[in-house]
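[1] Below is the structure, and that's it, no one-letter string:
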Ligand SMILES: Nc1ncnc2c1ncn2[C@@H]1O[C@H](COP(=O)(O)OP(=O)(O)O)[C@@H](O)[C@H]1O
Ligand SMILES: [Mg+2]
């Protein structure tokens, strides 16, 4: 048995993602102040909160884009806070999609998608191309295989970025305000793709400002405020918040 | 007086001009290869490598090319290494060009948006895969206009190789002038030749820059 390839066996019902009392500061700025939440297999957790409340940072810590100062993070049976973590193995299990799509502009959509499966997982070229066709169909872009990112609309680029992540066959997907950079008429097509993923049983953590979308998709809502989980619970808390801060947040929409 | 300017003089100048082009090519290839390593060193994850590359750049950028030429020709000769003018000039140009191209290219690598690195990291690509497959192809597009622009500097700077006895365009002009004593005519011809080598390069550079600017939104 190779400890670097297989994470320590986790109990069957263990959460896919768990944050336990996570602390994180940038210099003297405390951004995460004892954050805890966990996400079970096939569950969708939605992070909401004002700009600057630490949502992106929490997401980035899960994928080890930031290291934490205290607490524990466990993802797919791996301790992410462990200094000896195999980061690339973690990132094969975790897909992340950012607000600004970040497709590689010099590559076609197909090349964007086949790059990592071929380079990282050594999937043969032909098989990787078949995979690209499959994930593009999943996001409704099968005809854009040979287009360059600049030839796509923002919504299409974001769907292609989601397809690129899916091609790595992640066990959990992270989405950070993936519709915030889009014109309002283009957000719907992206949200639909995410809803289809949820219906397919993908485990997801997503940050969004789209409250009706959050209400529809969330198994769990985590409201962040000043670096803390201020209130958390099922989607119902959006309609009947128990803290004045969440009430005010959903009242104003921001 | 040493007679009038004739076809043989012009052929000799032409020969010198060819060596100016040859030395420029050596400088571009040698300095480009070494400069590429310098650029990679400047963005290396290793502090020691970054420091080493930065020190090299500072040292060379703080030394006149003329002095590098003298050092590699007369300095090494004094130490018992006899090297040819071509080798001295080629090595000096390589050392010099590497520092400048290395710095230009470092800027181009760093100009690729940070999000491109992160997207590649998120896909579990290794550092070298990120560099080779994602960052460098974009950096090369950014690097083309300033690199072509810098070639103008390379061509002009080869004239300094005349001090180590390398017979390029300027040196061949000096040699002819030593017998003809027609400095105005001869150096005018030389200036025209340099101009006709450099002008197309600067035009090309400016055109590339403009088309790169037009494509910028696609890179963002
Ligand atoms: N790399 C960083 N360096 C310094 N400060 C940062 C960094 N990333 C985020 N911050 C700060 O941390 C706070 C929380 O940011 P973020 O997690 O992006 O919040 P949110 O996603 O909820 O808007 C903000 O004040 C932000 O300016
Ligand atoms: Mg954010």
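    Yes, it's here. Because the structure is a prediction, the values reported are computed rather than measured. Ligands and ions are numbered 1, 2, ... in the order given.

[2] mind checking how far the closest residue to residue A:202 other than its chain neighbours is from residue A:63?
    Nearest non-adjacent residue to residue A:202, counting by CB to CB, 6 or more residues apart in numbering or on different chains: residue A:173, 5.7 Å away. Backbone N, C-alpha and C define where each C-beta goes, glycine included. Separation of residue A:173 from residue A:63 (CB to CB, to the nearest Å): 10 Å.

[3] same deal with residue B:115?
    Taking CB to CB as the measure, residue B:115 falls 14 Å from residue A:63.

[4] Of those two, give the one with the bigger neighbour count.
    Comparing residue B:115 with residue A:63 by neighbour count (other CB atoms under 10 Å in any protein chain shown), the higher total belongs to residue A:63, at 23 against 15.

[5] for the more buried one, what are its contacts?
    Residue A:63 makes contacts with A:90, A:91, A:94, A:96, A:174, B:122, as judged by CB atoms under 8 Å, 6 or more residues apart in numbering or on different chains.

[6] How about residue B:36, nearest residue that isn't a chain neighbour?
    residue B:105 (6.6 Å).

[7] neighbours of that neighbour, just the number please.
    Residues lying near residue B:105 (other CB under 10 Å) number 25.

[8] So which residues of chain A form strands?
    Residue ranges of the strands in chain A, as given by DSSP state E, are A:17-26, A:29-39, A:44-49, A:70-75, A:78-79, A:94-97, A:172-176, A:203-207, A:220-225, A:228-233.

[9] With distance to residue A:86 and mean neighbour count added, can I get these in CSV?
    Formatted as CSV, the strands of chain A follow (distance: least, CB to CB, whole Å; neighbours: other CB atoms under 10 Å in any protein chain shown):
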stretch, distance to residue A:86, mean neighbour count
strand A:17-26, 17, 18
strand A:29-39, 21, 18
strand A:44-49, 25, 26
strand A:70-75, 12, 19
strand A:78-79, 8, 18
strand A:94-97, 12, 26
strand A:172-176, 16, 23
strand A:203-207, 20, 25
strand A:220-225, 27, 23
strand A:228-233, 28, 18
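
[10] Please render those strands as CSV that adds mean pLDDT to the earlier fields.
    As requested, the strands of chain A are arranged in CSV below (pLDDT from 0 to 100):
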stretch, mean pLDDT
strand A:17-26, 98
strand A:29-39, 97
strand A:44-49, 97
strand A:70-75, 97
strand A:78-79, 96
strand A:94-97, 97
strand A:172-176, 98
strand A:203-207, 98
strand A:220-225, 97
strand A:228-233, 97
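
[11] on that earlier part again, residues that sit against both of residue A:173 and residue A:63, list them.
    A:94, A:96.

[12] Now do the contacts for residue B:159.
    Residues in contact with residue B:159 (CB under 8 Å, 6+ apart) are B:20, B:168, B:169, B:170, B:194.
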